[in-house]
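**Q** Got a sequence here, can you model it:
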Amino acid sequence: MIRVYTKSRHVKKITNFLNQKEIEHKIFTVNDEISKTFETSYFDNDKFELGISYCYPRKIIEPLLSAPINGFVNYHPAPLPQYKGPTELKDAIKNKEIDWGVTVHHMDKNYDTGKIIQLKKIHLHEPPTSSSELGAVSHYFLFSLFKETIEKIINNKNSH
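**A** Predicted coordinates for the structure are as follows:
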């Protein structure tokens, strides 16, 4: 069992892909009542193998961060370690970035600092001019990275 924490707009594509691959999962969004997920007794009744943050806009903190047997991974819509945090798109536009990418990494207690599992590089033909433009490119490639890596990560291959 994996748990995915994401934005509502990503639920359908993630659900469809995980169902197609027959990967048992539960998905939580910021709209869900997840206060129960921070209660230790809740974890005892509902163990899960892996936690996934897929563009989740909130920081995953203890005790949830340590709850999954194999920890948490984060799918981040920017290249790490250069573009950490929630302002990555605006920062890239300001820097007129043309060498871009998306990242999946192990999560630790700090923000976007865990060991990188895979970085998918993207060369932009010209610097992006808006967050929505760069965001569309990033999310297209991020979901591609998710599809390429999730089974290996679940099976603990190439992830440590």
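**Q** which residues in the chain form strands?
**A** Counting by DSSP state E, the chain has strands at residues 2-6, 25-29, 50-54, 72-76, 99-106, 116-123.
**Q** Tell me what angle the first one forms with strand 72-76.
**A** Spelled out, that is strand 2-6. With axes from the mean of the first three to the mean of the last three Cα atoms, to 10 degrees applied, the angle from strand 2-6 to strand 72-76 works out at 40 degrees.
**Q** Compile the strands of the chain into TSV and extend it with columns for mean neighbour count.
**A** Where C-beta positions appear, they are placed from N, C-alpha and C, glycine not excepted. Listed next are the strands of the chain as TSV, based on neighbours: other Cβ atoms under 10 Å:
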stretch	mean neighbour count
strand 2-6	22
strand 25-29	17
strand 50-54	24
strand 72-76	24
strand 99-106	21
strand 116-123	15
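**Q** quick one, helices of this protein?
**A** With DSSP state H applied, the chain shows helices at 11-20, 40-45, 88-94, 131-154, listed in chain order.
**Q** Can you give the contact residues for the first one?
**A** Counting by Cβ atoms under 8 Å, 6 or more residues apart in numbering, helix 11-20 makes contact with 2, 4, 6, 25, 27, 29, 54, 143, 146-147, 150, all of which sit outside it.
**Q** Mind picking the two most distant members of those?
**A** Largest separation among the contacts of helix 11-20 by Cβ to Cβ: Thr29 and Lys147, giving 20.0 Å.
**Q** May I see the strands of the chain organised as a markdown table, with distance to Leu64 added?
**A** Shown next, in a markdown table, are those (distance: least, Cβ to Cβ, whole Å):
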| stretch | distance to Leu64 |
| --- | --- |
| strand 2-6 | 9 |
| strand 25-29 | 10 |
| strand 50-54 | 7 |
| strand 72-76 | 8 |
| strand 99-106 | 15 |
| strand 116-123 | 20 |
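**Q** nearest to Ser132, of those strands?
**A** Set against Ser132 and scored by Cβ to Cβ, the strands of the chain come closest in strand 99-106, at 14.9 Å.
**Q** ok, Met1 touching Phe48?
**A** Yes. Counting by Cβ atoms under 8 Å, Phe48 is a contact partner of Met1 at 4.5 Å.
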